[in-house]
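>>> need a 3D model of the following:
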Amino acid sequence: MIVDSLSIPPLYFRWDLVVIYVLFKFLQGGGTGGMGLLNNLRSFLWIRVQQYTTRELQLELFRHLH
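Numbering: from 1, shown residues only. A predicted model of the protein is given here:
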C-alpha cells in the first residue's frame, strides 16, 4: 500500500500508514523497543494468578504435612 501510493499521481507521502505500522511494532515489541506493551501488560496481569497459585499450593502442602 505504501509503495503503490507513491506511484499514483499526485505523489504524496502516506504518513498514516507509517504511523499505523509504528504503532503495531510498539505494541508487538522486539527490536530496540524492549518487550512491547502487550507482553508487559500480560506479564503484569499474570502476576496475581501466579502468586495465588503458589500460595495455595504451599498451604496445601503445609496442611498435608501437619
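
>>> tell me where this protein has strands.
For the chain, no strands turn up when DSSP state E is the criterion.

>>> which non-adjacent residue is nearest the most centrally placed residue in it?
Centroid check for the chain by CA atoms, centre = their mean gives L38 as the closest residue, at 2.0 Å. Using CB to CB, 6 or more residues apart in numbering and skipping residues adjacent in sequence, the residue nearest L38 is L27, 5.2 Å away. Bear in mind the C-beta positions are built from the backbone N, C-alpha and C, glycine included.

>>> any idea how many residues pack against that neighbour?
L27 has 13 neighbouring residues, counting by other CB atoms under 10 Å.

>>> next one: N39
Neighbourhood size, N39 [other CB under 10 Å]: 14.

>>> pretty sure it is touching L27, no?
No - applying CB atoms under 8 Å, one finds N39 not in contact with L27, separated by 9.1 Å.

>>> go through this structure and flag its longest helix.
Counting residues, the longest helix found in the chain (DSSP state H) is helix 37-65.

>>> mind checking the pLDDT average for that one?
The pLDDT scores in helix 37-65 average 91.
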